[in-house]
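1. Structure, please.
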Amino acid sequence: MTLLHQFKLQLLIVLCINSAHSIFGQQKNQPITHAKWLIGSWKNQSAKTVDIETWKKLNDSTFIGRSYSLTGADTVSSERICLQQRRGKLYYIPIVRNQNGGKAVTFTLTSSNNKHLVFENPEHDFPQKITYTLITNDSLVAEISGTKKGRQKAIQFPMKRVR
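-> Reported below is the predicted structural model:
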């Protein structure tokens with residue numbers, strides 16, 4: 001990991017912690033409680049790539065995640081993610097390597113229950129929607145979707161829990 005990537009990760013964690021400190025009095029059944037099943041490591045292996053996503057609880061209002069895709073020994077995509085609750089709303093905030101000028105993009109939770117999370121940002125190029133659906137305790141489907149070059153597109157990532 002380069003120094004720039006380490007700095008961006010540290011900055012993301014500091015931003016998440018600082019925002020979390022501004023939240024007073026956690027209530028039961030906050031939106032982030034619907035996402036607790038994400039905690040752990042998940043894997044999708046296809047003929048061409050291996051996708052791995054890992055989530056950890058930073059505190060009661062913030063989860064941090066990392067997602068990457070491998071082709072052989074090469075990392076072909078990588079992102080750091082902050083799932084953060086602020087003022088009763090939940091945000092999915094990824095920083096994707098080599099995209100968006102290295103800046104975070106914020107998606108807002110628009111629908112959820114204990115097995116389904118939908119985050120949206122209609123202003124983003126692609127995706128505009130990120131969905132996680134828990135199938136069983138050890139499997140989920142992540143999906144990115146939206147309009148790309150004037151056409152609807154959806155990509156699914158079925159994943160199995162590895163720990």
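2. ok, I135 touching V141?
-> Yes: the criterion here is C-beta atoms under 8 Å, and I135 meets it with V141 at 6.3 Å. For the C-beta atoms, the positions are set from N, CA and C on the backbone; glycine is no exception.
3. Now the lengthiest strand in the chain: average pLDDT?
-> Criterion DSSP state E: the longest strand present in the chain is strand 74-86. The pLDDT scores in strand 74-86 average 96.
4. Just name whatever secondary elements that strand is in contact with.
-> Strand 74-86 sits against helix 3-21, strand 62-71, strand 89-96, with contacts defined as 3 or more C-beta pairs under 8 Å, 6 or more residues apart in numbering; DSSP states H and E.
5. which stretch in these is the model least sure about?
-> Among the helices and strands packed on strand 74-86, helix 3-21 scores lowest, at a mean of 50.
6. And the next helix-or-strand element following it, what's buried?
-> As assigned by DSSP states H and E, the chain's next helix or strand after helix 3-21 is strand 40-45. By neighbour count with 16 or more other C-beta atoms under 10 Å, strand 40-45 contains the buried residues 42, 44.
7. So in that sheet, which strands flank strand 40-45, and in what orientation?
-> strand 50-59 (antiparallel), strand 151-161 (antiparallel) (DSSP bridges).
8. So what touches stretch 92-104?
-> 5, 8, 12, 15, 67, 77-84, 105-109, 119, 130 (C-beta atoms under 8 Å, 6 or more residues apart in numbering).
9. how about 6 Å then?
-> 8, 78-83, 106-107, 119, 130 (C-beta atoms under 6 Å, 6 or more residues apart in numbering).
10. quick check, nearest of these to S41?
-> I81 (13.6 Å; C-beta to C-beta).
11. what's the burial count for the closest residue in space to that closest one that isn't next to it in sequence?
-> Distances taken as C-beta to C-beta, 6 or more residues apart in numbering place G65 nearest to I81, at 3.8 Å, with adjacent residues excluded. By other C-beta atoms under 10 Å, the residues close to G65 number 19.
12. I figured G65 hits L58, correct?
-> No: using C-beta atoms under 6 Å, G65 makes no contact with L58, being 10.1 Å away.
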